[in-house]
Structures are given as C-alpha cells and as structure tokens.
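turn this into a structure:
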Amino acid sequence: MEGVDHLLNLLAIVQSEGSYATFLEDVHYGGQQSKNANFQNYPAPLRSLRQSLEDSNLCMKASDSIRTHLKRKIRHLQRRSASLVLEHGIKNMPDEILAHVFEAGHQMSEYSEFALRVSHVSHRFRQVSLQTHLLWTRLSSEHPDHQTETFISRSGQLNLQVTVSTGWRNSVDNLRSSLRLIGPHSGRCSRLLLRTFAHHHLEMMDEVGLTHFPRLQYISQAAPMSLQWNMPLLSHFKGFEFPFPPDDSFRVLPFLSHLTFRGAAFFGISQL
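Presented below is the predicted three-dimensional model:
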C-alpha cells in the first residue's frame with residue numbers, strides 16, 4: 001500500500017514529538033532516503049516545501065485507503081455482532097423485564113399472532129410468555145376450539161378482547177362452538193370486535209349467552225347490534241355500514257363518550 005511507510009513515520013513522530021511538532025511545514029515523513037530527486041533543482045525553501053507536500057499527500061493516500069478498509073471491516077463486525085449483542089442482552093435480562101417487553105410487543109400488535117410466535121422462540125421465552133397473562137387475552141371465533149381454551153386458561157382473570165368473525169375458515173357450527181366456549185367469560189370482555197354482517201350471527205351470541213358485558217368499554221362492529229346487551233361501562237362505540245341508531249338507543253349507556261360511524265350514506269365522528 002503506497003505511503004504506508006510515510007504514515008508510519010508520521011505516527012512515530014506524533015508519538016515522540018507530539019502533534020504540534022509533527023505537522024510543522026518543514027517536517028518530512030519520508031526520511032533522507034526517499035527524497036524526490038525532481039525537487040533537488042528547486043531553490044530553498046521551495047525544495048523542502050514540495051518534499052513535505054509530497055510526503056503529506058502520500059500519508060493522506062495511505063490513510064484514506066486504510067480508512068476505507070476499516071469502515072468496511074467495521075460494518076462487517078457490526079452486522080456480525082448485532083445479533084450476538086441482542087442475544088447476550090436478552091440472556092442477562094431478568095424475566096420480569098422480559099415479560100414487560102412481551103407486553104409492549106403485544107400492545108404494538110393485533111390479534112393473537114404475537115403471543116403464538118414469541119412462545120415458540122425458545123424454552124425460556126415460552127416459560128416467560130406462559131406467565132405473562134396479557135399475551136393470551138385476545139380471543140377470536142376463527143380460532144380453533146383448542147386454541148380458544150388454551151388462551152382462556154393462560155389469560156388469568158385479565159380483561160379480554162373478543163373478535164366475532166365469519167371468515168372463510170369459520171362454518172356456522174364452528175362459530176357456534178367457539179361462541180359457547182367464550183360465552184361463560186363474557187364478563188371479562190372489555191373490547192368486542194364484531195366482524196360479521198349477518199344478523200343471525202348476532203342472534204347466535206344471544207343464544208349462547210354472550211350478552212353480559214359488565215367490563216365492556218369498546219365495541220367495533222359491522223352490523224346492527226342489540227343495544228339491550230348488559231354493557232354499563234361502554235364508552236367507545238365504532239360502527240360500519242349501517243344506519244345511525246335512534247337517539248334514545250344510548251340512554252342506557254351513561255359512560256358513552258365517543259361515537260364513530262361510517263357508511264355509504266353517513267360518515268361521522270363525535271365526542272359526547
């Protein structure tokens with residue numbers, strides 16, 4: 001690499017003489033043996049200045065080449081070490097803090113995928129996630145029955161988010177079976193997401209007793225629903241594609257403070 005010897009001489013002078021003496025204009029970095037013969041015919045002080053300039057340029061060239069290689073090496077080392085640093089940090093993180101991280105990830109995600117994925121990362125992640133009840137508080141009628149039962153058993157007594165949906169995987173019988181599992185726990189439901197346009201699906205909720213919601217605070221729904229359900233704490237109502245309810249429909253909901261409606265003929269957001 002051209003200029004390395006000059007750069008080494010420069011560093012040696014820095015070490016022995018200090019930075020101020022090293023960068024004086026008449027200090028050469030090539031030594032007596034490497035003086036450029038082309039400069040010998042120049043008068044003083046031009047001869048010395050040109051030699052010093054050449055030495056400095058050679059040092060800079062070597063320094064730039066070394067810098068390029070070092071930056072490439074640094075990027076490589078950063079990529080190689082990033083996952084190891086994260087792994088080391090997680091291994092030394094107390095389980096209580098790791099549980100808070102899981103809870104934050106749960107809040108930043110939707111539905112149940114986060115809980116399922118984090119519980120399959122490692123044995124330790126699984127043990128911590130199983131003790132973190134919040135991860136298991138999202139139930140859906142599209143889940144297979146064994147998953148619904150598992151989530152309920154792991155959720156402790158925390159509030160639940162329940163999604164009633166009629167996706168392509170969910171037959172009427174499967175929906176009824178899922179609602180029967182969720183029904184006895186409706187008293188813990190604080191968020192209810194109704195992703196169905198069929199009125200008979202809502203009647204099915206009445207049939208299995210999924211109508212008692214003493215903790216319910218939020219509803220997001222896509223079909224007319226029975227406002228006769230027991231939901232005394234409801235504060236946020238979000239509706240899609242249905243007529244605006246009569247004014248007297250909400251008289252039994254004293255804590256209702258936010259209404260959002262969207263439809264072909266009406267769009268509105270109001271704060272009571």
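
end-to-end on stretch 162-178?
Counting by Cα to Cα, to the nearest Å, you get 11 Å between the two ends of stretch 162-178.

equivalent analysis for stretch 160-175, please.
One end of stretch 160-175 sits 18 Å from the other (Cα to Cα).

neighbouring contacts of that stretch?
Stretch 160-175 is contacted by residues 111, 137-142, 178-179, 182, 185-186, 188-196, 198, 201, 204-205 when judged by Cβ atoms under 8 Å, 6 or more residues apart in numbering. Using the backbone N, CA and C atoms, a C-beta is placed for each residue, glycine as well.

now do stretch 50-60
Outside stretch 50-60, the residues that touch it by Cβ under 8 Å, 6+ apart are 2-3, 6-7, 10, 25-30, 35-36, 39, 42.

and that stretch, how far out from the chain's middle?
51 Å (Cα atoms, centre = their mean, to the nearest Å).

what comes up buried for stretch 45-61?
By 16 or more other Cβ atoms under 10 Å, the buried positions in stretch 45-61 come out as R47, S48, Q51, S52, E54, D55, S56, L58, C59, K61.

and it, C-alpha only, in PDB?
Output in PDB follows, covering the C-alpha atoms of stretch 45-61 (Å, rounded to 0.1, in the frame of the first residue of the first chain):
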ATOM      1  CA  PRO A  45      12.700  26.800   0.800                       C
ATOM      2  CA  LEU A  46      10.600  25.600  -2.200                       C
ATOM      3  CA  ARG A  47      12.500  22.300  -2.300                       C
ATOM      4  CA  SER A  48      11.700  21.500   1.300                       C
ATOM      5  CA  LEU A  49       8.100  22.600   0.900                       C
ATOM      6  CA  ARG A  50       7.500  20.500  -2.200                       C
ATOM      7  CA  GLN A  51       9.000  17.400  -0.400                       C
ATOM      8  CA  SER A  52       6.900  18.000   2.700                       C
ATOM      9  CA  LEU A  53       3.800  18.300   0.400                       C
ATOM     10  CA  GLU A  54       4.500  15.100  -1.300                       C
ATOM     11  CA  ASP A  55       5.100  13.300   2.000                       C
ATOM     12  CA  SER A  56       1.800  14.600   3.400                       C
ATOM     13  CA  ASN A  57      -0.100  13.600   0.200                       C
ATOM     14  CA  LEU A  58       1.400  10.100   0.500                       C
ATOM     15  CA  CYS A  59       0.400   9.900   4.200                       C
ATOM     16  CA  MET A  60      -3.100  11.000   3.300                       C
ATOM     17  CA  LYS A  61      -3.400   8.500   0.500                       C
END
